[in-house]
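Chemist: no sequence on hand, only this structure:
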C-alpha cells in the first residue's frame, strides 16, 4: 500500500463546475499538507499549504484536511480552462530536518470551455 | 525574493554519454536542495537531497550522482546515460527543516 493515494484521473469538467480533488494517506503522523499545480512541461508550483486539520481558503481554492479519516481535499470553485493542469498532493510529518515530502501520483484535470 | 534556475531546459543525449544538470537558487542561504525525476504521466520520484554543502543523500540506487559544491548550487551527473534515464528532472529547494518545497522549471532529458 502506498503512503499516499491519489486518483490519477483524468478528470474532465465543464467550465464553471466545482471540482473536488482528493488524497488519502496511511501515516497518521502526517501533519503538513500541500497541494501543487503543475502545468504541462512545467515545474510544480505551490498552491495551498495547510498545517494539521481544518480548512484554508484562497480565492477560488479551498484546502480541507480531515486527519481522523486521513483524507485531504482541494476544491476549486467556478473552474476555468486555465485550471487545466495536474494537481499533486504532498505531505510530511515534520519529524526531520530534511524537509522530505511524500507526493501523490497527481490528478490530471481538464476544464472544457 | 527567491528564485530557482535549472539548465539546460531540454537535452537530447546518446546512450552512454555523460550528463551534467545544474540547479542554482538565489535569494536564500543554506537551503535544503532536492533532485526529482518525473516519468511521463507519473508522479515525482525523489533521487537525491542535500541539507548542506557536500552533504548528499541518495534515495534510489541508480547510475546517477549528485553534488553540492556551493551552498546554492546542486548538480546531477551521470558518467554513462541509459535509455531509462529519460525523463523530466526537477530541482527543488526548501527552507531548512521546513516542509514547503519550491520547484524549478525542470530539464527535459531524452536519451536515444
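Modeler: Perfect, thanks for sending it. On a predicted model such as this, the values are computed, not experimentally measured, just so you know. Numbering: from 1, shown residues only, chains lettered A, B, ... in the order given.
Chemist: dig out what residue A:57 forms beta bridges with.
Modeler: residue A:62 (DSSP bridges).
Chemist: how close does it sit to chain B?
Modeler: According to CB to the nearest CB, to the nearest Å, residue A:57 stands 18 Å off from chain B. In short, each C-beta sits where N, CA and C put it, glycine included.
Chemist: let me know the pLDDT of the residue positioned nearest the centre of chain B.
Modeler: For chain B, the residue nearest the mean C-alpha position is residue B:35 (3.2 Å; CA atoms, centre = their mean). In this model, residue B:35 is scored at 97, pLDDT.
Chemist: the strand or helix carrying it pairs with which strands?
Modeler: Using DSSP states H and E, residue B:35 falls within strand B:32-38. Counting by DSSP bridges, the strands paired with strand B:32-38 are strand B:44-52 (antiparallel), strand B:87-94 (antiparallel).
Chemist: about what we covered before: was I right to think the residue nearest to the centre of chain B contacts residue B:88?
Modeler: No - taking CB atoms under 8 Å as the definition, residue B:35 is not a contact partner of residue B:88, at 11.6 Å.
Chemist: which pLDDT value goes with residue B:97?
Modeler: pLDDT at residue B:97 comes out at 68.
Chemist: related to what we said a few turns ago, for the residue nearest to the centre of chain B, name its beta-bridge partners.
Modeler: residue B:48, residue B:91.
Chemist: who in chain A is up against chain B?
Modeler: Listed as neighbours of chain B in chain A under the rule CB under 8 Å from any CB of the partner chain: A:8, A:32, A:34, A:36, A:41-46, A:49, A:88, A:90, A:92, A:94, A:96-101, A:103-106.
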